[in-house]
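Undergrad: Pasting a predicted model and its sequence here:
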Amino acid sequence: MLSSIKEDFKLNPLDCYFTLDVNQTRLATFDSLSGGDVEINVIKHNVVYSSGESSTLLIPGTTQYSPVELKSGFGNTKELYNWFVNASSGAYSDARKNVTITLNALKDGEYVPLVAWNLFNAWPSKISGFESNQYNVANVAKFSMTIVAESIERTDP
C-alpha cells in the first residue's frame, strides 16, 4: 500500500502519528485512524440480445465514501469544536472544508510524511468526549472525531 516507502525503511507502528490539516492549517494530531472505505455501487443491467440469449451486465455506479474516524488526538479543540458547531447548526457552506490527513513516521531520527489522504467538502459528524487521567504526561485531554467527506483521494507527499 505504501508504495513510496523504500525497501530499506522499516515502518514501526509505534513511531507513527497522523496530522489533520483543515484548509491547509494544522489543527490536530492523532494516534489512530480508521474508516475511509471507498466503494463503487454495482448496477445490474439485464440485457436480452436479438438471438434470444440474455445476460446481466455489471456497471459501475456511484462511489460512496465511509466516514473517517481519528482517535486519541491532541490539538486546537476550540477551532475543531467551532467547525462541528457550524455543521450542527445548519451552516453547511461554512462547515464544508477541504481536509488533509497525513501519516508521519520516524525515519533517521526525523518524522517524515509517508502518505496523505485529501478529503473534499468534509465536515465533522461526531466529536467524542474527552479522555484524560492524572498520569498523562502532557496533562491534556485526548479526543476523537469522525469526519465525513464527499470525496477522498490518496496522495504520496
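TA: All right, it came through fine.
Undergrad: low pLDDT regions in this structure?
TA: Applying pLDDT under 70 to the chain flags the ranges 1-14, 130-141.
Undergrad: can you give me the helices for it?
TA: 77-88, 92-95 (DSSP state H).
Undergrad: Just name the most buried of the ones you listed.
TA: Comparing those by mean neighbour count (mean count of other CB atoms under 10 Å), helix 77-88 ranks first with a mean of 16. Using the backbone N, CA and C atoms, a C-beta is placed for each residue, glycine as well.
Undergrad: For the longest strand along the chain, buried residues please.
TA: In the chain, with assignment by DSSP state E, the single longest strand is strand 110-127. Residues 114-119, 122-124, 127 are the ones in strand 110-127 that count as buried (16 or more other CB atoms under 10 Å).
Undergrad: Distance to Phe18 added to those, as CSV?
TA: CSV is the format used below for the buried residues of strand 110-127 (distance: CB to CB, whole Å):
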residue, distance to Phe18
Leu114, 10
Val115, 10
Ala116, 10
Trp117, 9
Asn118, 14
Leu119, 13
Ala122, 15
Trp123, 18
Pro124, 15
Ile127, 16
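Undergrad: which residue of the protein sits farthest from its center?
TA: Farthest-out residue of the chain from its mean C-alpha position, per CA atoms, centre = their mean: Ser51, at 49.3 Å.
Undergrad: Backbone dihedrals for that one, both of them.
TA: With angles defined as degrees, to the nearest 10, Ser51 sits at phi -80, psi -10.
Undergrad: From Tyr65, how far off is it?
TA: Counting by CB to CB, to the nearest Å, the gap from Ser51 to Tyr65 is 41 Å.
Undergrad: if we can go back for a sec, point out the one among the helices of the chain that comes closest to Ile59.
TA: helix 92-95 (31.2 Å; CB to CB).
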